[in-house]
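In: just a sequence and a predicted model for now, questions to come.
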Amino acid sequence: MYERLADALREQINAGTFPPGSKLPSERKLMDDHGASRNTVRLGLRRLVSEGLIFPSHGQGYLVHRQDVLVYNASRSEDQDRRLAAGVDAWVQDIQEQGRTPNQSISVSIEKASPVVADKLNLSPGELVLVRRRLRTVDGQPWSTEDSYYPHALVSNTPIAEPADIPEGVIAYMASMGHVQVRYVDDVTAAMPTPKQADELAVEPGVPVLVRTRTGYTATEAVRVTVTTMPTDRNVLRYELGTSEAK
């Protein structure tokens with residue numbers, strides 16, 4: 001019985017009767033509409049939760065998941081020529097090209113390198129790093145966070161150490177300093193968000209986050225570690241391999 005109720009609600013969601021972000025009828029209304037018991041209704045709702053179609057919201061019942069997924073092109077984001085030609089941060093450009101309005105708040109701090117960051121940057125554990133943290137929003141909604149770690153001695157007394165946007169992007173600015181990044185190593189994992197991440201990014205219950213850790217290298221050394229955290233229900237991480245020429 002609960003499967004039939006789930007099927008009926010699924011069809012209504014797919015047909016747009018209940019669009020993304022909307023609230024489903026109350027359990028009592030569903031019981032009356034479908035002639036079902038409370039247990040049957042709850043089992044049907046749990047089925048849709050497990051499918052990722054809906055989620056329980058405190059004080060609001062069940063809401064339909066958003067479907068407004070955006071693409072972040074992880075390959076092109078480090079293209080020096082593209083960054084310089086656009087004159088804006090690569091993420092900002094990617095979001096604008098998809099017809100949306102990006103924004104980001106930036107904070108800067110000086111911290112002791114964690115063992116993981118120290119290892120990637122070839123530093124001693126506890127050595128100082130400068131951290132630029134960004135909370136990124138799209139159309140006013142939280143979308144992702146990005147924490148970048150740099151050897152403190154490398155970027156101190158530069159605009160990178162200021163909590164403000166760098167129009168051409170930090171990578172292009174570092175290139176102008178002589179630190180041209182020519183190689184990148186990405187580690188991509190998935191995890192459930194911490195309470196802080198769930199609150200900061202408004203992550204809906206049951207939705208994991210994608211965590212990309214990118215290490216940027218010049219011809220001689222590692223100069224940057226960037227950790228990007230993205231809720232999986234609103235982001236696609238894209239990589240382009242090979243040439244773009246038609247065969």
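Out: Arrived safely, thanks for sending. What you are looking at is a predicted structure, and each value in this text was computed from that prediction instead of being measured.

In: all helices of this structure, in order?
Out: Using DSSP state H, the helices of the chain run over 2-15, 27-34, 38-50, 80-86, 90-97, 115-121, 152-155, 170-176, 195-200.

In: what's the second one packed up against?
Out: With contacts defined as 3 or more C-beta pairs under 8 Å, 6 or more residues apart in numbering; DSSP states H and E, the packing partners of helix 27-34 are helix 2-15, helix 38-50. C-beta: built from backbone N, CA, C; applies to glycine.

In: relative to helix 2-15, how tilted is that helix?
Out: Angle between the axes of helix 27-34 and helix 2-15 is 100 degrees (criterion: axes from the mean of the first three to the mean of the last three C-alpha atoms, to 10 degrees).

In: now the farthest one out in this structure, which residue is it?
Out: When distances to the mean C-alpha position of the chain are computed (C-alpha atoms, centre = their mean), the maximum falls on residue 35, with 41.5 Å.

In: for the residue positioned nearest the centre of the chain, what are its contacts?
Out: Nearest to the mean C-alpha position of the chain, counting by C-alpha atoms, centre = their mean, stands residue 230 at 1.9 Å. Going by C-beta atoms under 8 Å, 6 or more residues apart in numbering, residue 230 touches 72, 143, 144, 209, 210, 211, 212, 237.

In: what do you get if the cut-off is 10 Å, keeping everything else the same?
Out: Neighbouring residues of residue 230 by C-beta atoms under 10 Å, 6 or more residues apart in numbering: 70, 72, 136, 143-146, 201, 203, 209-212, 236-237.

In: before we move on, what about residue 147?
Out: Applying C-beta under 10 Å, 6+ apart, the residues near residue 147 are 107, 109, 117, 131-134, 213, 225-229.

In: of these, which pair is most distant in space?
Out: Taking C-beta to C-beta as the measure, the contacts of residue 147 span a maximum distance of 19.5 Å, between 107 and 213.
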